[in-house]
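Trainee: Predicted model, plus sequence, below.
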Amino acid sequence: AQKVTQAQTEISVVEKEDVTLDCVYETRDTTYYLFWYKQPPSGELVFLIRRNSFDEQNEISGRYSWNFQKSTSSFNFTITASQVVDSAVYFCALSEADGGTSYGKLTFGQGTILTVHP
Amino acid sequence: EAEVAQSPRYKITEKSQAVAFWCDPISGHATLYWYRQILGQGPELLVQFQDESVVDDSQLPKDRFSAERLKGVDSTLKIQPAELGDSAMYLCASSGGQHSNQPQHFGDGTRLSIL
């Protein structure tokens, strides 16, 4: 069975600090996909990034960067120079390529509440 | 505003009553998902549709929950009778296909409170 663990329940930083959100996953599949979503207070889950299990290149998008390490089953997310607008709940999620009838089903972590203070 | 439309945004009802949620996915998206998110937790899949067919409802409490997507476009999730433990956020998502690499796009959700 697949599992996603986000050990950090809450993180509080001051604006302009860098912050890293941790994500560790478990799966028996060799092909799988990892995602990060942002959930602001409005409730909508906003897609941030997708990474497949065969692509271990790190990715940078503006102030956001992602570090995928298959050897440690981790997919960490770093926000550089954090801003108040980054305050939200962030979810890491896993989708297995061979999920049987649950093709495409996302398994989410518990989420990390990020608060950025001015 | 989310591209996936959900209504209502909020619903307060008493236990034992019936409640229904509606979702209109992104145009052309064949795969539709309903998730339940309990406060402080990540969303959990209730049911997945491919067009009008259910492909996964293994986590749907079928004694009280039902879901349909009659024409393969919009969908309704119903609870009857509602119980106190059903209080949660109900999220609808859609994707362009049922492949695992397709990102799911979520609506704003319906926040349900059972009194």
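Mentor: On my side now, so go ahead.
Trainee: Give the residue spans of the chain that score low on pLDDT.
Mentor: Since no chain was named, I'll use chain A. A:98-103 (pLDDT under 70).
Trainee: should've been chain B
Mentor: B:1, B:97-100.
Trainee: For chain A, what's its nearest residue on it.
Mentor: residue B:42 (3.0 Å; C-beta to the nearest C-beta). Quick note: C-beta positions are derived from backbone N, CA and C, even for glycine.
Trainee: what's across from the residue lying closest to that residue once chain neighbours are set aside in the sheet?
Mentor: Once flanking residues are discounted, residue B:42 sits nearest to residue A:108: 3.0 Å by C-beta to C-beta, 6 or more residues apart in numbering or on different chains. Per DSSP bridges, residues listed as beta-bridge partners of residue A:108: residue A:93.
Trainee: so how many other residues sit close to residue A:108?
Mentor: For residue A:108, the count of nearby residues is 21 (other C-beta atoms under 10 Å in any protein chain shown).
Trainee: Equivalent analysis for residue B:17, please.
Mentor: For residue B:17, the count of nearby residues is 12 (other C-beta under 10 Å).
Trainee: Please, which helix or strand holds it?
Mentor: Secondary structure from DSSP states H and E places residue B:17 outside every helix and strand.
Trainee: just checking, it touches residue B:82?
Mentor: Yes: assessed by C-beta atoms under 8 Å, residue B:17 is found in contact with residue B:82 at 5.5 Å.
Trainee: ok, back up a step: how near is the residue of chain B closest to chain A to residue A:32?
Mentor: Distance, residue B:42 to residue A:32, using C-beta to C-beta, to the nearest Å: 17 Å.
Trainee: With residue A:16 instead?
Mentor: For residue A:16, the distance to residue A:32 - C-beta to C-beta - is 35 Å.
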